[in-house]
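S.K.: what's the 3D shape of this:
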Amino acid sequence: MVTTLTADRLAEAQDGGEEFVLVDTRPEESYEAWHVKDARHFPFGPEEELEEDGQLEELEELVDDTDRVITICGKGISSGNLATQLESATGEFEVQTVDGGMEAWSGVYDHVEIDVGEGVTVVQVQRRATGCLGYLVGCAETGEAVVVDTTADTDEFRIAAGEHGLSIVGVIDTHVHADHVSGGRELAADLDVPYYLGERAAERDLEYAFVPLERNEVLAIGDLDVKALFTPGHTSESISLLVNDRALLTADTLHADSTGRTELEFGEEEGEEGAKMLYESLHRTLLAEPEGIVVLPGHVTVSADGEFGVGAPGEPIATTVGEARTEIDVLDLEEEKFVDRLADAGEKPANYEEIIELNRGVREEPPEERAELEIGPNNCSA
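M.R.: Prediction:
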């Protein structure tokens, strides 16, 4: 009998080294663009019949190195059809299908505590499928905390706060995101706490109120100092956050192995302007900090094959100022070459223009349609 398993359970099976073959039934274009790590491709429709002569043989050959087959598709429909027919045709495999498919997979999260020193609690909330990294930053002494760059799955941050005995007293978005729908305003409203953006966000024609953080302004979160650093380039209003001179939350200004891209707000014609801003933000602000400060980025690249570009799901995604200076090649470039390099940042995030409109408050979508907009790799690194 075919059973279903959740996307979270699939992640546990992967991490635990369980033996199975994952079969993705989506069309080739969808599979090639983005799939779960180690998934094998066998396109199959929601009403298609598994032909015993040829097609079944091909599928059996694809999975002949296992006794357990898990199927996945976009939303769990065609994969469920294939699972049922495979189990019925052979009886040789334990067959399961992922409930909710890739849409559910895009909502799998890992909570990773980052050690930045005594008295400071930092939890990196990793969205496994897309590489989005948000943060819970709390004072261990007073229990007060701030959330930074939450996705629309705000419960993940509430859960993290509960797990660490913290109370959320503020929510910050470092910029108007282009790759995912922010849950910042929603979370702040639900908790009746301030919602912060950098002061230059006032120039982005936002359709909602926020508390502006001025350049070098310091928020007191319990006994912690959270300082807003002005770091434009990825967007005109981007800020980074310096926590107790120990950790830098660099959002899409600086990643663990690259920098953010610069043309999503500015457009292709003005991308050079953004790249010049980014160069200055990197070299005169972030890289001017002491080399031992921990750098906590807003994203990690996830390849079309489901692999993290740095580290692995459930592990800290971080670097230091010193390591970034010496190990990220693009930071060695002179300004002119840096600007030229960022002019070609590759494929843009899916639906980024619509996502920007949602995050500016000029567009509304029901939750199920918002989720559809975000499916796929984020492509926020240059």
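
S.K.: hey, let's count contacts and neighbours off CA atoms from now on
M.R.: Fine.

S.K.: how much space between Leu331 and Val176?
M.R.: Per Cα to Cα, to the nearest Å, Leu331 is found 24 Å from Val176.

S.K.: those two - which one has more neighbours?
M.R.: Between Leu331 and Val176, counting by other Cα atoms under 10 Å, Val176 is the more crowded of the two (27 against 19).

S.K.: in contact with the more buried one: list those residues for me.
M.R.: Contacts here follow Cα atoms under 8 Å, 6 or more residues apart in numbering; on that basis Val176 touches 201, 235, 237-238, 356, 359-360.

S.K.: Ile355 now?
M.R.: Contact analysis of Ile355 by Cα under 8 Å, 6+ apart lists 177-181, 373.

S.K.: hmm, try it at 7 Å
M.R.: 178-181 (Cα atoms under 7 Å, 6 or more residues apart in numbering).

S.K.: can you put those in CSV and add neighbour count?
M.R.: Shown next, in CSV, are the contacts of Ile355 (neighbours: other Cα atoms under 10 Å):
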residue, neighbour count
Ala178, 26
Asp179, 26
His180, 27
Val181, 25
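
S.K.: and the helices in the protein?
M.R.: For the chain, the helices defined by DSSP state H occupy 7-15, 28-33, 55-62, 78-90, 101-105, 155-163, 184-191, 263-280, 321-327, 335-342, 352-360, 367-374.

S.K.: take the ones you listed and lay them out in CSV including distance to Gly131.
M.R.: Conversion of those to CSV gives the following (distance: least, Cα to Cα, whole Å):
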stretch, distance to Gly131
helix 7-15, 14
helix 28-33, 15
helix 55-62, 29
helix 78-90, 25
helix 101-105, 12
helix 155-163, 15
helix 184-191, 18
helix 263-280, 18
helix 321-327, 19
helix 335-342, 20
helix 352-360, 16
helix 367-374, 12
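
S.K.: most packed of the ones you listed?
M.R.: Highest mean neighbour count among the helices of the chain (mean count of other Cα atoms under 10 Å): helix 101-105, with a mean of 23.

S.K.: tell me the one of the contacts of Ile355 nearest Val169?
M.R.: Proximity of the contacts of Ile355 to Val169 (Cα to Cα) peaks at Val181, which lies at 21.3 Å.

S.K.: on that earlier part again, Gln126 is nearest to which of the helices of the chain?
M.R.: Ranking the helices of the chain by distance to Gln126, with Cα to Cα as the measure, places helix 155-163 first at 9.6 Å.

S.K.: now the closest one: how far from the chain's centre is it?
M.R.: Distance, stretch centre to chain centre, for helix 155-163: 17 Å (Cα atoms, centre = their mean, to the nearest Å).

S.K.: list of residues touching that helix?
M.R.: Contacts of helix 155-163 (Cα under 7 Å, 6+ apart): 111, 136, 167.

S.K.: kindly reformat the helices of the chain as a markdown table containing mean pLDDT and distance to Gly119.
M.R.: Listed next are the helices of the chain as a markdown table, based on pLDDT from 0 to 100; distance: least, Cα to Cα, whole Å:
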| stretch | mean pLDDT | distance to Gly119 |
| --- | --- | --- |
| helix 7-15 | 97 | 30 |
| helix 28-33 | 92 | 43 |
| helix 55-62 | 92 | 52 |
| helix 78-90 | 92 | 48 |
| helix 101-105 | 94 | 34 |
| helix 155-163 | 98 | 15 |
| helix 184-191 | 98 | 24 |
| helix 263-280 | 81 | 32 |
| helix 321-327 | 96 | 21 |
| helix 335-342 | 91 | 38 |
| helix 352-360 | 92 | 33 |
| helix 367-374 | 75 | 36 |
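
S.K.: among these, which is nearest Glu47?
M.R.: Taking Cα to Cα, helix 78-90 is the member of the helices of the chain nearest to Glu47, at 7.2 Å.

S.K.: which strands and helices lie in contact with that closest one?
M.R.: strand 68-72, strand 94-98 (3 or more Cα pairs under 7 Å, 6 or more residues apart in numbering; DSSP states H and E).

S.K.: that one to strand 94-98, inter-axis angle?
M.R.: Between helix 78-90 and strand 94-98, the angle comes out at 170 degrees (axes from the mean of the first three to the mean of the last three Cα atoms, to 10 degrees).

S.K.: pull the CA atoms of helix 78-90 into CSV?
M.R.: This file holds the C-alpha atoms of helix 78-90, laid out as CSV (Å, rounded to 0.1, in the frame of the first residue of the first chain):
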residue,chain,number,x,y,z
SER,A,78,1.3,13.0,-10.6
SER,A,79,3.8,11.5,-8.1
GLY,A,80,0.9,9.9,-6.2
ASN,A,81,-0.4,8.4,-9.5
LEU,A,82,3.0,7.0,-10.3
ALA,A,83,3.5,5.6,-6.8
THR,A,84,0.2,3.8,-6.9
GLN,A,85,0.8,2.3,-10.3
LEU,A,86,4.4,1.2,-9.5
GLU,A,87,3.2,-0.5,-6.3
SER,A,88,0.3,-2.2,-8.1
ALA,A,89,2.4,-3.3,-11.1
THR,A,90,5.3,-4.9,-9.2
